[in-house]
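[1] Sequence and computational prediction follow.
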Amino acid sequence: MHKDILIGRKEILPVIEQMYGITTWIGALKFINRNKLPLRRTPSGKPMIIMAELIKYNARYQEIMRSP
């Protein structure tokens, strides 16, 4: 079962790897910044992504990849 909020590298990276095949944190950060994904920070400074936003972006990404 997926969590609604992914906090920290250890939770975010496996999801990014499964969806896009990116296996390193630096690669994931570059992908997130280049595609303007909403990467937030917790009050303690850990990276955080909301799963619903990532799924919404992925649906848009898949449509772009399918278009001729």
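    Nice, I can see it. Residues are numbered from 1 along each chain as shown.

[2] Show me which residues of the longest helix belonging to the chain are buried.
    Counting residues, the longest helix found in the chain (DSSP state H) is helix 51-66. For helix 51-66, the neighbour count (16 or more other CB atoms under 10 Å) marks L54, Y57 as buried. In this view, the C-beta of every residue, glycine as well, is placed from N, C-alpha and C.

[3] Identify the residues contacting that helix?
    The contact list for helix 51-66 (CB atoms under 8 Å, 6 or more residues apart in numbering) reads H2, K3, D4, I5, L6, V15, M19, N35, L37, P38.

[4] what distance separates it from the middle of the whole chain?
    Centroid separation for helix 51-66 versus its chain: 10 Å, with CA atoms, centre = their mean, to the nearest Å.

[5] so which of the contacts of helix 51-66 is the most crowded?
    L6 (20 neighbours; other CB atoms under 10 Å).

[6] and the end-to-end length of stretch 41-56?
    Distance between the boundary residues of stretch 41-56 (CA to CA, to the nearest Å) amounts to 20 Å.

[7] so for stretch 22-34, what's the average pLDDT?
    Mean per-residue pLDDT for stretch 22-34: 94.

[8] I'd like the distance from it to the chain centre, please.
    9 Å.

[9] re the thing from before, reformat the contacts of helix 51-66 as a markdown table; add secondary structure and distance to Y61.
    Formatted as a markdown table, the contacts of helix 51-66 follow (DSSP: H, G, I helix; E, B strand; the rest coil; distance: CB to CB, whole Å):
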| residue | secondary structure | distance to Y61 |
| --- | --- | --- |
| H2 | coil | 18 |
| K3 | coil | 21 |
| D4 | coil | 20 |
| I5 | strand | 20 |
| L6 | strand | 17 |
| V15 | helix | 14 |
| M19 | helix | 9 |
| N35 | coil | 8 |
| L37 | coil | 10 |
| P38 | coil | 14 |
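
[10] Cool, thanks, talk later.
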